[in-house]
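Asker: Could you work out the structure for the sequence below:
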Amino acid sequence: MKILYYNWTQFDNADNQGGGVNVYQKNLIDYMIKNTKNEIYFLSSGIYYDLINKKTYIKQSKNIYGDKCESYKLINSKCLAPASAMYDDINTYLTDVDDYEVLKNFINKCGGFDVIHFNNIEGLSLNCLKIKKDFPNTKVIYSLHNYFFCCPKVNLFYNDEKNCTDYQDGKLCQKCLKNIVSKRKIVMFYKIDRISESLHMTGLNKKIKWYAKNLLKKIKQKNGQMQKGGLQQKFNCNFKEYREKSIETINNYVDVVLAVSNRVREIAIKYGIKQDKIFTDYIGTKVAETETGKLNNRESKTQDFNIAYMGYFNKQKGFDFLIEALDNLPEDIAKKINFYCYARIKDENDKINVEKIKKLNGKLKSAIHINGYNHKDLPEIYKNLDLGIVPVIWEDNLPQVAIEYVAYGVPVLCSDLGGAQELSEAKEFVFKAGDIKNFQEKITNIMNNRDLLKKYFDKKKKLTTMEEHINSLMKFYN
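Answerer: Predicted coordinates for the structure are as follows:
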């Protein structure tokens, strides 16, 4: 088959843009090239802007697989990526046709595709999902790795405070989206990227953008222009129309919608995606190939209990909640816990969070911060853990870290939001999101009844390998 994949950033991007979706896309293409006879093409858009030419066009790009994968970049898209760059210009996303025409011409030039698989639509206009109009024999697939189809922030997390369950026909979006940087400034940053790339000085762009962002922040503060009341009406953004048109377009023009967890599928159906069009399809991961399928055999001669939080100093990921919950544990439980936090320090706020961890040493047996980690270190890290904590307070589609815990034999205590709860049917390991008391009850019960750790794996679902995932995908493609 001849397959075109789309993601807003190229799969071999060195700056880790695109997060877990980009890692997945790279693994997917890697497997396809090495194990199938399919012709693989790749397109990215929304972060490439020409210094002189303002016309929208597509050009070929280099990639780590050479001619085994033909990769292309759409230059000067009217829609910037990631989604946060388009808060103040939803109307362009809904109405632009330039991206569509360029995409259509590109497909014709390539001789057509059997499958076009969008791993998101950020960086393109909504009209690009209507490509079926001109290519009726092409199978169009759209994977939901986030909630961009119904939320311009992609995460359904209201005002960076709580899970969003009712957007009140778009009225709450006006209060939620704030501190917006104009598209003109974001394009300037992307042009800096291109200059640095052409000069082979990729480290330069980070320094320039850091200084530019701080300068803009100081100017806004000086002029008293910091937006505290949320998105202003002057942006003329109709978020009700945004959600309705996005869902309508998907229902009318996309052949198959793939949800990365059952929870994502439930949410998508709730907001209007046709039930017979959307299927749960767990993504394949390389760590699934090393899955033991059973509890790790950590030898402990004491009553110590080792737990870990891995990821980001991020409120929606549940970091703030977890620190407060651990700080308020009963003393007899707290004094048995060794807490390891693996999170990379990126700014001054992160340094404040590290101090919060250090203060837990007066409450827990120990609390240690490790400044990030490499995947090659995971076996050594996980063999010393009793429990992984995934305390998200938003509908996190299916956290990669939860899959990694399980692959290496570490049970996961997670909130009831998102897909992490689907990795095992042991309900003793699921607590109500944001509920400190319920979290404390769950972890106390596990520590007092350590046979439950084995029960987690007795009721665990098998992780999906990349081979299994590809076999599943091919059924949808066909």
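Asker: who touches stretch 96-109?
Answerer: 4, 43, 45, 56-58, 72, 74, 77-79, 113, 116, 124-125, 127-128, 130-131, 134-135, 138 (C-beta atoms under 8 Å, 6 or more residues apart in numbering). For every residue, glycine as well, the C-beta is placed using N, CA and C.
Asker: same check, this time on stretch 48-64
Answerer: By C-beta under 8 Å, 6+ apart, stretch 48-64 touches 10-12, 42-43, 69-78, 98-99, 102-103, 106, 187, 190-191, 194-195.
Asker: Can you give me the end-to-end span of it?
Answerer: This stretch, stretch 48-64, spans 19 Å end to end (C-alpha to C-alpha, to the nearest Å).
Asker: swap in stretch 356-373?
Answerer: End-to-end distance of stretch 356-373 (C-alpha to C-alpha): 20 Å.
Asker: what stretches of the protein score poorly on pLDDT?
Answerer: Under the criterion pLDDT under 70, the flagged ranges of the chain are 178-185, 188-189, 192-236, 299-302.
Asker: Domain map for it?
Answerer: 2-170+236-285+471-477, 181-226, 288-458 (automatic domain parsing).
Asker: thinking again about what came up before, list buried residues within the contacts of stretch 96-109.
Answerer: Buried by 16 or more other C-beta atoms under 10 Å: 4, 43, 45, 56, 58, 72, 74, 77-79, 113, 116, 124-125, 127-128, 130-131, 138, out of the contacts of stretch 96-109.
Asker: What about the contacts of stretch 96-109, which are in strands?
Answerer: L4, L43, S45, Y57, I58, Y72, L74, I116 (DSSP state E).
Asker: How much space separates the fourth one from L4?
Answerer: When distances are taken as C-beta to C-beta, to the nearest Å, Y57 and L4 turn out to be 17 Å apart.
Asker: count of neighbours near I393?
Answerer: I393: 24 surrounding residues under other C-beta atoms under 10 Å.
Asker: what's the distance between it and C176?
Answerer: 15 Å.
Asker: One more: D281?
Answerer: Counting by C-beta to C-beta, the gap from D281 to C176 is 30 Å.
Asker: K335 too?
Answerer: Distance, K335 to C176, by C-beta to C-beta: 41 Å.
Asker: And for N35?
Answerer: Separation of N35 from C176 (C-beta to C-beta): 43 Å.
Asker: repeat for D12
Answerer: Between D12 and C176 the computed distance is 34 Å (C-beta to C-beta).
Asker: Looking at those two, which is more packed in?
Answerer: C176 (21 against 18).
Asker: Three-state assignment for the nearest residue to S143 once chain neighbours are set aside, please.
Answerer: Using C-beta to C-beta, 6 or more residues apart in numbering and skipping residues adjacent in sequence, the residue nearest S143 is L258, 4.5 Å away. Assigned with DSSP: H, G, I helix; E, B strand; the rest coil, L258 falls in the strand class.
Asker: Neighbours of L258, how many?
Answerer: By the measure other C-beta under 10 Å, the count of residues near L258 is 23.
Asker: what sits opposite it in the beta ladder?
Answerer: S143, F279 (DSSP bridges).
Asker: Now do the contacts for it.
Answerer: L258 makes contacts with I141, Y142, S143, L144, I278, F279, T280, D281, F476, as judged by C-beta under 8 Å, 6+ apart.
Asker: With respect to A426, which of those is nearest?
Answerer: T280 (19.9 Å; C-beta to C-beta).
Asker: so who does that closest one touch?
Answerer: L258, A259, V260, S261, N262, V264, R265.
Asker: Isn't the fourth one up against G419?
Answerer: Translated: S261. Yes. S261 is within contact range of G419, at 2.8 Å (criterion: C-beta atoms under 8 Å).
Asker: on that earlier part again, which two of the ones in strands among the contacts of stretch 96-109 have the greatest separation?
Answerer: Y57 and I116, at 19.0 Å, using C-beta to C-beta across the ones in strands among the contacts of stretch 96-109.
Asker: Next, find the distance separating the closest residue to T249 other than its chain neighbours from T290.
Answerer: Once flanking residues are discounted, T249 sits nearest to L129: 5.1 Å by C-beta to C-beta, 6+ apart. As judged by C-beta to C-beta, L129 and T290 stand 36 Å apart.
Asker: what do you get for Y408?
Answerer: As judged by C-beta to C-beta, Y408 and T290 stand 8 Å apart.
Asker: more neighbours, those two?
Answerer: Between Y408 and T290, Y408 has the larger neighbour count (other C-beta under 10 Å), namely 20 against 13.
Asker: got the contact list for the residue nearest to that one when sequence neighbours are not counted?
Answerer: Distances taken as C-beta to C-beta, 6+ apart place Y382 nearest to Y408, at 3.7 Å, with adjacent residues excluded. Counting by C-beta under 8 Å, 6+ apart, Y382 touches N296, E404, Y405, Y408, G409, V410.
Asker: Mind checking what helix or strand follows the helix or strand hosting the second one in sequence?
Answerer: What it means is E404. For E404, the host element (DSSP states H and E) is helix 400-407. Remark: after helix 400-407, the chain's next helix or strand is strand 412-415, criterion DSSP H and E.
Asker: Let me see the ranges of the helices in the stretch 151-300 of the chain.
Answerer: Applying DSSP state H, counting those that start in this stretch to the stretch 151-300 of the chain gives helices spanning 171-176, 183-198, 202-223, 239-253, 262-270.
Asker: which stretches of the stretch 251-400 of the chain form strands?
Answerer: 256-259, 278-280, 305-311, 337-343, 366-370, 387-390 (DSSP state E, counting those that start in this stretch).
Asker: Name every strand pairing with the fifth one and say which way it goes.
Answerer: Just to be clear, that refers to strand 366-370. Assessed with DSSP bridges, strand 366-370 is paired to strand 337-343 (parallel).
Asker: Likewise for the third one?
Answerer: The sheet places strand 305-311 alongside strand 337-343 (parallel), strand 387-390 (parallel), with pairing taken from DSSP bridges.
Asker: for those strands, which one ends up most surrounded?
Answerer: Of all the strands paired with strand 305-311, strand 387-390 has the most neighbours on average by mean count of other C-beta atoms under 10 Å, namely a mean of 24.
Asker: what's in contact with that strand?
Answerer: Strand 387-390 has contacts (C-beta under 8 Å, 6+ apart) with 305-310, 318, 322, 396, 399, 401-402, 405, 410-415, 420, 443, 446, 453.
Asker: now stretch 242-249
Answerer: Contacts of stretch 242-249 with the rest of the structure, by C-beta under 8 Å, 6+ apart, involve 90, 93-94, 126-127, 129-130, 148-152, 167, 170, 271-273.
Asker: Are any of those buried, and if so which?
Answerer: Using 16+ other C-beta under 10 Å, the buried ones in the contacts of stretch 242-249 are 90, 93-94, 126-127, 129-130, 148-152, 167, 170, 271, 273.
Asker: and the two most separated of those?
Answerer: K130 and Y167 (24.3 Å).
Asker: these two touch, right, L329 and A367?
Answerer: No. Using C-beta under 8 Å, L329 is not in contact with A367; the gap is 11.8 Å.
Asker: A308 and I403, how far apart?
Answerer: 15 Å.
Asker: again but with E428, I slipped
Answerer: Taken as C-beta to C-beta, the span from E428 to I403 is 20 Å.
Asker: that older thread, what's the closest of the ones in strands among the contacts of stretch 96-109 to N349?
Answerer: S45 (31.1 Å).
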